[in-house]
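Student: Mind looking at a prediction? Sequence and model below.
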Amino acid sequence: MLIFLAKRLGYLLFTMLVVSILVFLVMELDPGSVAQKVLGPYSNDEQRRLWMEANGYLEPLPIRYVEWLMSAMTGDFGMSTRFKVPVTEILLPRLANTAILGLGVLLVMVPLALVLGVLAGMKEGSTQDRTISVFSIATTSIPEFASGVFLVGIFVLWLKWLPGVSNMVGGFDIKQMILPVGALVMYGFGYITRMTRASMAEVMQTHYIRTAILKGVPRRQVIMRHALRNALIAPFTVIMLQINWLLSGVIVIEYLFAYKGFGSLLLEAALNQDIYVIEACAMVAVLVAVGTQTLADIGYMYLNPRIRFS
Amino acid sequence: MTDARRTDGGHANGSRPPILEIENLCISYYTRAGEIPAVVDFNLTVHEGESIGLVGESGCGKSTVAMAIMRYLGSNGGIVGGSIKFMGRDIVGMSAEELRRMRGSEIAMIYQEPMAALNPSLTIGAQLMEVPMIHEGVSEREAYQRSRQMLGDVRLPDPDRVMAAYPHQISGGQQQRVVIAMALLSKPALLLLDEPTTALDVTVEAGIIDLIAEISREFGTAQIFISHNLGLVRETCDRICVMYSGEAVETGSIDDVFNRMRHPYTRGLFGAIPLPSADKNDRPLVAIRGQLPLPHERPQGCNFGPRCDYFRDGVCAPDPIPMRDVPDAARPHHSRCNRFEEIDWAAPLGAGTANEPIVPGEPVLIVDGMRKYYELHDRSVKAMLSGNRVRYVKANETLTFQARKAEIVAIVGESGCGKSTFAKVLMGLETATEGTITFNGEEIESTEVQQRPRAQVASMQMVFQNPNDTLNPSMTVGGQISRVIRRFGVETDSQKVHDRVMRLLDMVKLPRDFYHRRPRQLSGGQKQRVGVARAFAGNPAMVVADEPVSALDVSVQAAVTELLMEIQREHGTTMLFISHDLSVVRYLADRIVVMYLGQIMEQGTTDEVFAPPYHPYTEALLSAVPIADTSIDKRKIVLEGNLPSVVNPPIGCPFHTRCHRKLGAICESTRPPVLVDSDTHRIACHIPLDELRAIEPVFFSVAGSRPAGGTPLQGAAG
Amino acid sequence: MAASTEALAPSTRRPSGALRVVRAIGLIRESPVGMIGVAIVIAWILAAIFAPLLAPFDPNATILPFQRPGAVDPATGKTFWLGTDKIGRDMLSRIIYGGRRVLIYGPIATACAYAVGIVTGLAAGYFRGWWDSILSRASDVILSFPVFVLYVIVISTFGRSGLNIVLAIVFASAPGIMRIVRGLTLDLRNRDYVAAAQTRGEHPLYIMFVEILPNARGPLIVDACLRLGYVTITIGTLGFLGLGLPPPDPDWGGMVNEMRALAIAFPHMVVYPCLAISSLVLGLNLLADGLREISIRD
């Protein structure tokens, strides 16, 4: 067991390392273009050369990479060219905001999707199942930005119940969280529902469920005790991987609703070529993604008796 | 002595109350294509404590009947007529709650695949304890005690460990015992057993059958034993009901039906199974011609009519045939045949022409000291410290034998004995670790198939086990065979290739327009025939047949077995026949090699192996074979324990952990010597040859019938 | 039938290829859900092909800004069925032409991703060993990136162009496809017919592409439809973020982005492109679901 953990952690570090090399190569391969992006398009060659010398950009690539990596590990990603403050100063609050948004989404989406999935899979082919299935297909067909637009259209413009922007100028306001959470949930729950449904339907067809029924176990106990613990193993890992999806989804939603989170930070930085912010965001995103994936693997191993006791 | 059967003779209806009465039962399935009748006009009565065998081939409806008794037909099936009464109560009209109370407590079921039947995420204990807790409301503590007790009753060692274990942590045989325990916990009046041993190894199967027979006596439960194997039914049941295409065609006591059968299908079934006394040259298997009708294409009148030699229009068609009483039977005996009084039941079956035995030629395959070890790299810290980083799976250990031209050599053994590994090394999918394999004079043990010359590859081909997997589903039949022909360069001209495919189709007795069919349009037996055609496409000198008929229905098995033999005879091909089914092996092999856990335990001619002196493992294997021939009985030997894992084979003789003739410490420490009984017969055992020779034969004839262990035409060995 | 040396009678005629394709498409009739999906997808394909005939105006011509749906152009007398945008371009025409772009770039990107994914997946699943290790690790690394983080970084660094978008999509999708193909290959390689091919000494490429791949096509076709849906969403979302195909040609996502600020006053400018993209993806998803139902029944 311990060895498994050690292997997974080692693998995580390996992935981070490879990703860091890729990110570095993509962003900082050519020192000249870095200088240009930092100093702006109106700088001249002389200014750039001075700057590069001062910041160690005339060194060979591998050395530059190692230095960058070293400072990144201590949390120093440099200065944001746009905001003129250290990257971490902007990044951390934004991350916190996104975490709040993410938490809200998961709290609503996961129970909803699991319940719908189980209800659908329990009686495969029934009206209950068909309605839920078609509904989840329909909602996953609407891109996040479109569902945001639709929700705004209904709740802001037509019903006038909710505010249309979520920039939290007057402090934290839960009403401003509803639509962003809603838009993300609308797109994301369908996938989990379908996975859960498939898993549940498969479990209900197994021979061991037949054994339970023919043993005289009451239907409710068949579902709760015999079926669920097998059916929910697969969706569990899917849910952990939804965090990976969330990091993508927030880019669009935060942009649409002007929510000051990690996603909108990344987008602004990308559009404005704020290199160091982009690099930091990339590393953080991958860390979160790979970290949750590792947790998912460990969790799956623990939940599946065949693997745990082999 | 098969003492599983009740020996209290017959008893008339009514001396014991019937617990199950099925009358005129009709079950249909509803598909997109409409209503399909699965079971028609089915009648059965089961008395207290009685054991009835329900026999038939796939699609005959036997499992459907069992499911109907449990009222578990799925959303697209339904009982459309007739009645099922259990203890006088009508099952068909029961409410869901009444059904639930009945299931698992009054009627219980035992399934075909024990691993799949147990919940992988609950401990065995939890699954067992549920039964009394739900049906009798007992406390958890008492449920635990009773479950543990029951595990002991089904003869599972170390019940406490099993209670806490998950299903995947115990072996297949143990899992089935758990399923049996689970069924018996509430002392049901009726047990339904749906092919309970099909998924198990032969020696494990014998133990389960033994257990089932015992519990029937101990607990007084009635049983309905569903099987396709007549031999098994003979060993466990009092009465038998033969089903064909949704109908019962003959019912009666074992004695009556087995010895005085009165339906052509029953007789066809018996003619299609190899009996331990039969020899391929004297009594060829007779396949039932034709095919099982599809459920929506049943013929008018008698379902079996199109395949029956005694069919007569007007009598056997177009009116449906009723079940009629067979007179002069001690116990009730019925047959659904309108002509059973007229048929001469003593006449020999079909075209039973005896063949001349073939004289084998020079050795084609010589295996000498072949070893195949797989490496297992143990990466745990413990292994690193102790220095044992690499362990070996000894899949094949020092195999030595020969196969001569035109001979059929059978390799017999259970799972883990190494026969598939050996086949892989032979075919070049793996290479041997040590030793030599010489084929037609060339050493092939270290050449992978990619490196072998094309002619050599064409000269050794294989027929596979699973008919559903043996053909590429996306290619036409003709396309696949042509590919092989072209690949081996037998023909290159398109027209010639086409002609050859046609000739091959003729050879395997398939219609020529199958050329354009895809595998999903073929039945199991037809697919297997294509597999045979494909193997012979390149004129091979040797064909390796890996359990080619195990997955087929009984009547189809006979046809494909006979086909293989006919082709083999005609072309003089050497055949290596891998199987676990000793009846088939007795029937068609010239020589037999018995393997256990990677080593050869015994080898010799068929007669030699089937008669003493035996290796103790061979003795147990023979004893485990279910025999349908009522003139033969066998000594019962049940092995304890499970097949040991190949990763950790026992030191010394691999069989010593289960051997009923174990001598003692010597078996545990030293590899047994190879005893030479005759030029062709070798046994690897520590027991001296004289003692082995003195063992009584496993098979012996029941008083008054033919001698066993060989037909009168061939002198029995030993 | 006697085996003879005379010319053997020709076997029954093989059904022609065209007939089999038609029969395959006809299969979709068995799933009502699939049929709706097919209808939607075919409708959009036809709209894209016949765009010049169907669109009343030139999609890039600035005519009359801020018109509501149903207003009439005084100059030509034609109706702005879906209104015009803030620069004066007809929404309906832009939507029809926008469909063209999506239906060109989407399938191209998906097909290329499949080509890469199939080759790598077959190799990883069939050869195993270090092929598998390297390919699986590489795909794991790529898949560890949240998808849009990857797109945003790559496109903003390398520039907006059709080629870059296609390459980015291929790069991000191929590992997922590889995983699926690898899984199918691992399963299929244990079948007896593959063993039969191996014992014939067939070349690994033959085995991969003739014995294994055709038998994996069921799940792959379903996945292809779904993936085309994801790719469509991706193209739309990239347009929305300002990273999509360059202007002035219409791009559904880009249209929504440009007109965002005016959504309150003129909702038609953003709602119709959203409906367009949602309907196309819905069609693809329903089609995939229908195909999955059919393949299960087989």
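Tutor: Received the coordinates, thanks. Values in this document were obtained by computation on a predicted structure and should not be read as measured data.
Student: In chain C, what helix or strand scores lowest on average pLDDT?
Tutor: Lowest on mean pLDDT, DSSP states H and E among the helices and strands of chain C sits helix C:17-26, with a mean of 60.
Student: Figure out how far the following helix or strand past that one is from the centre of its chain.
Tutor: For helix C:17-26, the following helix or strand on the C-terminal side (DSSP states H and E) is helix C:32-49. Put simply, helix C:32-49 sits 13 Å off its chain's centre (C-alpha atoms, centre = their mean, to the nearest Å).
Student: So which residues make contact with whichever helix or strand comes after helix C:32-49?
Tutor: For helix C:32-49, the following helix or strand on the C-terminal side (DSSP H and E) is helix C:51-54. Under the criterion C-beta atoms under 8 Å, 6 or more residues apart in numbering or on different chains, residues C:47, C:96-97, C:99-100 lie in contact with helix C:51-54. For every residue, glycine as well, the C-beta is placed using N, CA and C.
Student: OK, contacts around residue B:303?
Tutor: B:244-247, B:249, B:293.
Student: That one in helix, strand or coil?
Tutor: coil (DSSP: H, G, I helix; E, B strand; the rest coil).
Student: any idea how far it is from chain A?
Tutor: 29 Å (C-beta to the nearest C-beta, to the nearest Å).
Student: Please apply the same query to residue C:211.
Tutor: Distance from residue C:211 to chain A, counting by C-beta to the nearest C-beta: 27 Å.
Student: So for that residue, what's the pLDDT?
Tutor: On pLDDT, residue C:211 comes in at 93.
Student: ok, now which ones touch it?
Tutor: B:472, C:188, C:193-194, C:197, C:202.
Student: Most neighbours of all the residues you listed, which one?
Tutor: Highest neighbour count within these: residue C:193, with 26 neighbours (other C-beta atoms under 10 Å in any protein chain shown).
Student: Next, work out how far apart the closest residue to that one other than its chain neighbours and chain A are.
Tutor: Once flanking residues are discounted, residue C:193 sits nearest to residue B:472: 4.6 Å by C-beta to C-beta, 6 or more residues apart in numbering or on different chains. For residue B:472, the distance to chain A (C-beta to the nearest C-beta) stands at 27 Å.
Student: go on, residue C:126?
Tutor: Taking C-beta to the nearest C-beta, one finds residue C:126 at 24 Å from chain A.
Student: Check which helices and strands the helix or strand harbouring that residue is in contact with.
Tutor: If you go by DSSP H and E, residue C:126 is part of helix C:91-127. Applying 3 or more C-beta pairs under 8 Å, 6 or more residues apart in numbering or on different chains; DSSP states H and E, we find helix C:91-127 packed against helix C:32-49, helix C:51-54, helix C:129-144, helix C:162-188, helix C:217-240, helix C:252-258, helix C:268-297.
Student: Most tightly packed of those?
Tutor: helix C:252-258 (a mean of 26; mean count of other C-beta atoms under 10 Å in any protein chain shown).
Student: So it, near chain A or not?
Tutor: Yes. Applying C-beta under 8 Å from any C-beta of the partner chain, one finds that helix C:252-258 is in contact with chain A at C:253, C:256.
Student: name the helices or strands packed onto the lowest-mean-pLDDT helix or strand in chain A?
Tutor: Within chain A, no helix or strand scores below helix A:305-308, which has a mean of 76 by mean pLDDT, DSSP H and E. Helices and strands touching helix A:305-308, by 3+ C-beta pairs under 8 Å, 6+ apart, are helix A:275-303.
Student: which parts of the stretch 151-300 of chain A sit against chain B?
Tutor: So the stretch 151-300 of chain A meets chain B at A:206-208, A:210-219, A:221, A:225-226, A:229-230 (C-beta under 8 Å from any C-beta).
Student: Just the buried ones among those, please.
Tutor: A:206-208, A:210-218, A:225-226, A:229-230 (16 or more other C-beta atoms under 10 Å in any protein chain shown).
Student: Closest to residue C:290 out of the residues you listed?
Tutor: residue A:206 (25.7 Å; C-beta to C-beta).
Student: what about the residue lying closest to the closest one once chain neighbours are set aside, neighbour count?
Tutor: Closest residue to residue A:206 apart from its sequence neighbours, by C-beta to C-beta, 6+ apart: residue B:116 at 6.9 Å. Neighbour count of residue B:116, defined by other C-beta under 10 Å: 16.
Student: Where is pLDDT lowest across the contacts of residue B:303?
Tutor: Within the contacts of residue B:303, pLDDT reaches its minimum at residue B:293, with 83.
Student: Where do the helices of the stretch 201-350 of chain B begin and end?
Tutor: Applying DSSP state H, counting those that start in this stretch to the stretch 201-350 of chain B gives helices spanning B:202-219, B:230-236, B:254-259, B:264-272.
Student: packing partners for the last one?
Tutor: Here helix B:264-272 touches strand B:239-244, strand B:247-253, helix B:554-571, going by 3+ C-beta pairs under 8 Å, 6+ apart.
Student: need the contact list for residue 221.
Tutor: You didn't say which chain, so I picked chain A. So residue A:221 contacts residue B:134 (C-beta under 8 Å, 6+ apart).
Student: could you do chain C instead?
Tutor: C:291, C:295.
Student: okay, it: pLDDT?
Tutor: Note on residue C:221: pLDDT of 90.
Student: same question, the one 5 residues further on
Tutor: Among the per-residue scores, residue C:226 shows a pLDDT of 92.
Student: pretty sure it contacts residue C:281?
Tutor: No. Contact status for residue C:226 versus residue C:281: not in contact, 9.8 Å apart, counting by C-beta atoms under 8 Å.
Student: Quick check: the residue nearest to the spatial centre of chain C vs residue B:395, distance?
Tutor: Closest residue to the average C-alpha location of chain C: residue C:228 at 2.4 Å, with C-alpha atoms, centre = their mean. Between residue C:228 and residue B:395 the distance, using C-beta to C-beta, to the nearest Å, works out to 47 Å.
Student: cool, residue C:66 as well?
Tutor: If you go by C-beta to C-beta, the gap between residue C:66 and residue B:395 works out to 80 Å.
Student: Can you find the helix or strand in chain B with the smallest mean pLDDT?
Tutor: helix B:381-386 (a mean of 63).
Student: need the next SSE after that one, C-terminal direction.
Tutor: Defined by DSSP H and E, the subsequent element after helix B:381-386 is strand B:390-404.
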